Each structure stands twice: as structure tokens, then as C-alpha cells.
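Asker: Show me how the following folds:
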Amino acid sequence: MGTRADVVILGGGIAGLWLLDSLVRAGFSAVVLNKGDLGQGQSIAAQGIIHGGVKFVGETAVADLAPMPDLWRASLAGKSGPDLSMVKPLADNMHMWLPPQSVDSGLAMAVRNLARGTVRDCAIDERPSVLPPTAEGRLLEVDEVVIDVPQALAALQDRYRDRIFGLPDSGDVGLAARDDGGADITAGDMTIQAQRVVLTAGAGNETLLSQAGLNQIACQRRPLHQVMVRGMGQPIFMHCIGMNPKPLATITSYTDPEGGYFWYIGGLLAEQGVAQSPGQLIAKAKPELARLLPGADFSQAAWATHAVERAEPGGYGGSRPGSAVAKAHGAVIVGWPTKLALAPVLAEKIMGILNGGHLKPGPHDLSALSALPVPRVARPPWEMVQTWI
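Answerer: Okay, here's the model as predicted:
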């Protein structure tokens, strides 16, 4: 059984699906092959924050991040890019809480963006109840829309259901270069002839690169250990700032069908939590969050944690790359958005590689792909918890 496509994308997270949209709108015959559920691993574990660069001032990512909130909002409105109009933002902006001792910290430089309109001061009567009027500090509103990642994945799948397929149960994929400059992809008993293969499989890129004989393209992982809190009375979307250049805690919220809200917490708490057991991390998080948010009511709270592997290109000394990265070797292109917000930047870079190689739409036949399974969208971490503490 065989079929033919211009581009085969291996990896069905936000990066792969955004790229699929870009390719199809450019006239290419493109398909996504995904192992397991769509977005499982890195995309589904993301907090959904579309950063605009405020908390990355001084890094090279800022230039690429600055237009991202407006770009994603246009997509959410169905005006440009992938049509995500069925996706309702979880929040139109993030808050940034700066207690008095943090005003002179590295991240307090966000105040300098006030004139650019990306940040504004919030009055005391605008504070959420987790920050009572007696709490000393400065609350800012930051231009960072927060998206519902499962909804975004579902919207893209609905739009391109005839181009997104699951791999057979074995999940094994074979890659082999052809003499004409293209590549053959084998999945089970199916072979797909492609002009180009793009790897957007996150942590799975390592295995795929090895299978393609491209071990010279280095990969790295930077783990996180996120905290989850169930039973909170209100949603908040907030960076809590301390003296460290990174937020002490970044909190996003999601409705609990059984009542209340889930809080999903990243930031420095999650980075340092990598060295801790779930129990140790929870024991640290409880007093830390109570200190940062003196008005929060944790009396009905239940706690859990979630480990995340952030997969990125290597060669950056273990630090996060400055922006999305795409590398090409023959018919294979591998890409990492490095942040969910930069998926459009990665798609643009990959399209630039394809256009630079003068790739043109060619003959295609996708009919045989209907024999492959249809993947489902991954469930978010808080829905996968077996035991809440």
C-alpha cells in the first residue's frame, strides 16, 4: 500500500498542526502523522500563555515574541492564520504581581514597557481577591492572551481531519532518503513518498533523527515539575515576581466540571521542583503560594504534580534557545518552537526553508491514508491525576 504527499509532518502538537495549516494554505499536499494522542507530552502540558516578551527582556526571543499576542488574537478571531475562532481564550491578559521587595528585581523592568502599551498598572479595586487591598505591592496587566490548548488542538483537527492521522499501534516509523532528493516514510505496511519530511515531535525528535541517521543534530531536554491545585474558588492568571530573573510562580486556571477551578503552576517553583519528589514539591508550594497570594483560600484545596519534558535543540549549554529553531538536512527538516507562543515563528522558518529549496506542489494521492487510525486530542494533566493529596 503506498501514497504520495509533498510534505509529511511527524508530530501532531501545536507546532505540527500550525505548520500543516501554513502548508495547505500555500497549496502543498501535506499530512500529519502522530504517535499517540494529539499534543501529548509538551503541547498539552503547556500553560497556554502567548507571551509578548515582557518577562524575556534582554533575550533574543523578545523580537519574535513581541507580535505573538496580536498574531494569535487574529487567529482566534478567524481573521488570519489558522482559524481558531471556535477557541475561547481563557484570559485576555495575564497579571504580574510585584511585592515591594521585587520592584527592583530583574523582572520589574516590565514597568519600563508601560509607555509601549504592553503593560498597564492596575488599581487596588481591580485586584482579584487573592490580593487583598492590604497586600503591599504593584499589580500589572500584561498583554498576554491565554489559550485553551486542548480546544486549539481540537479546532485544528476538525479543520484538517482528512490530513491528520495516527500511527499504527506499534508507533514505529521508518525514514529513508531517495535518490531524487525526497524521502520514503513507512508506517506499518504503508509507505508514503514525500518531497520533504518535517519532524515536530518534541521529545520524539531524538528517536526520529537517530532513525534517519542524523545524530549530528543535537537535542536537549529541560524538565519541569508543575504543581496542580484543585478546589480553588476563582480563576487567576498571574506571574508572581520575586528577586529572581524568573517568575517565582506562574499560575493559569481551568474550570473543574465538579465545581471550582484547577490552578496549574509553573515558573521557578516548577523548575526547582525537578529535584523534588511530588510530596516535597507540594510541601514547598503550600507556604510559598500562601505567602505570594495572601488572600487565597486553600481550605478546600487538593494537590498534585505533573512532570514535563521540554524538548529543544542542543548546543545552547542547557539554556533555552532564543527563539524557534528549524534545521534542514537533505529531505529532512527538524523544528522546535521552544515556546508554544512561537509555533507561528517556527512555521514561518520552515516555510522559508521549503521556499528556499524551491519546493513546488507535485502529484499526490492521500486516499490510502484513510486506513490509518484517527488520533484523539490528549487530556490535560489535571484530568489525568489518579490521586489528589
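Asker: any residues touching stretch 120-129, and which ones?
Answerer: Applying C-beta atoms under 8 Å, 6 or more residues apart in numbering, the contact partners of stretch 120-129 are 95, 114, 133, 135, 138-141, 234, 236, 238, 295. Where C-beta positions appear, they are placed from N, C-alpha and C, glycine not excepted.
Asker: Recalculate using a threshold of 6 Å.
Answerer: Identification of contacts with stretch 120-129 by C-beta atoms under 6 Å, 6 or more residues apart in numbering yields 133, 139, 141, 236, 295.
Asker: List the buried residues of that stretch.
Answerer: Buried residues in stretch 120-129, counted by 16 or more other C-beta atoms under 10 Å: 122, 127-128.
Asker: wait, which of the contacts of stretch 120-129 is closest to residue 14?
Answerer: Closest approach to residue 14 among the contacts of stretch 120-129 (C-beta to C-beta): residue 236, at 23.5 Å.
Asker: Counting neighbours, what do you get for that closest one?
Answerer: 21 (other C-beta atoms under 10 Å).
Asker: what's near enough to touch it?
Answerer: Residue 236 touches 128, 130, 251, 253, counting by C-beta under 6 Å, 6+ apart.
Asker: most surrounded residue in those residues?
Answerer: Among these, the one with the most neighbours (other C-beta under 10 Å) is residue 251, at 29 neighbours.
Asker: Okay, and the beta partners of that one?
Answerer: Residue 251 has these beta-bridge partners by DSSP bridges: residue 238, residue 265.
Asker: quick one on the thing from earlier: give the PyMOL command for selecting the buried subset of the contacts of stretch 120-129.
Answerer: Buried residues among the contacts of stretch 120-129 (16+ other C-beta under 10 Å), as a PyMOL selection:
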select buried, resi 139+141+236
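Asker: Would you mind giving the contacts of stretch 120-129 as TSV with secondary structure, distance to residue 265 and pLDDT added?
Answerer: What follows is these, written out as TSV (DSSP: H, G, I helix; E, B strand; the rest coil; distance: C-beta to C-beta, whole Å; pLDDT from 0 to 100):
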residue	secondary structure	distance to residue 265	pLDDT
133	coil	24	95
139	strand	18	95
141	strand	20	95
236	coil	10	98
295	coil	17	97
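Asker: Would you agree residue 273 is in contact with residue 226?
Answerer: No - with contact defined as C-beta atoms under 6 Å, residue 273 does not count as touching residue 226 (7.6 Å).
Asker: neighbour-wise, which of those two wins?
Answerer: Using other C-beta under 10 Å, the more surrounded residue of residue 273 and residue 226 is residue 273, with 25 against 22.
Asker: three-state assignment of the more buried one?
Answerer: Following DSSP: H, G, I helix; E, B strand; the rest coil, we place residue 273 in the helix state.
Asker: list the contacts for it?
Answerer: Residue 273 makes contact with 225, 281 under the criterion C-beta under 6 Å, 6+ apart.
Asker: immediately after the lowest-mean-pLDDT helix or strand in the chain, which helix or strand?
Answerer: Lowest on mean pLDDT, DSSP states H and E among the helices and strands of the chain sits helix 61-65, with a mean of 79. Going down the chain from helix 61-65, the next helix or strand is helix 68-76, by DSSP states H and E.
Asker: Pull out the buried residues from that next one.
Answerer: 68-69, 71-73, 75-76.
Asker: ok, now stretch 357-375?
Answerer: 359, 364, 366, 369, 372, 375.
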